[in-house]
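Novice: got a sequence here, can you build the structure:
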Amino acid sequence: SIGAWPVRFLLFKLMFMSGVVKIQANCPTWLNLTALEYHFATQCLPGPLAWHAHQLHPFFLRLSVAFTFVIEIPATFLLIAPVKSFRVVGAWLQILLQVVIILTGSYN
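Specialist: This next block holds a predicted model:
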């Protein structure tokens, strides 16, 4: 429906800019894919799973940052794709990212 498109564009802009700002900040932890090696131990309200996530091997944490970039930048274009099945895949990727963020922090 035509009423859903403004919401899709809003979600697209929010998530796309979330990924782009990490790169534009020229922060070495994001550029070197090491941000999660610090994030879980230094976030404001770490949840119980944050400690376990912090204990993961650095390779897995760097892979997680790379997946975050993929979901936040190129995969976000799926949210505004003309094909419904692409939009559904894009939505599930965004939901997956948000659930992982919720589980490893205290944002609820």
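
Novice: now the residue nearest the centre of the chain: how far from residue 92?
Specialist: For the chain, the residue nearest the mean C-alpha position is residue 68 (4.3 Å; Cα atoms, centre = their mean). Distance of residue 68 to residue 92, given as Cβ to Cβ, to the nearest Å: 15 Å. Yep, even glycine has a C-beta here, placed from its N, CA and C like the rest.

Novice: cool, residue 81 as well?
Specialist: Distance from residue 81 to residue 92, by Cβ to Cβ: 13 Å.

Novice: list the contacts of the residue nearest to the centre of the chain.
Specialist: The contact partners of residue 68, taken as Cβ atoms under 8 Å, 6 or more residues apart in numbering, are 19, 97.

Novice: so it is in which element?
Specialist: In this assignment (DSSP states H and E), residue 68 forms part of helix 58-72.

Novice: which residues touch residue 67?
Specialist: So, once contact is read as Cβ under 8 Å, 6+ apart, residue 67 ends up touching nothing.
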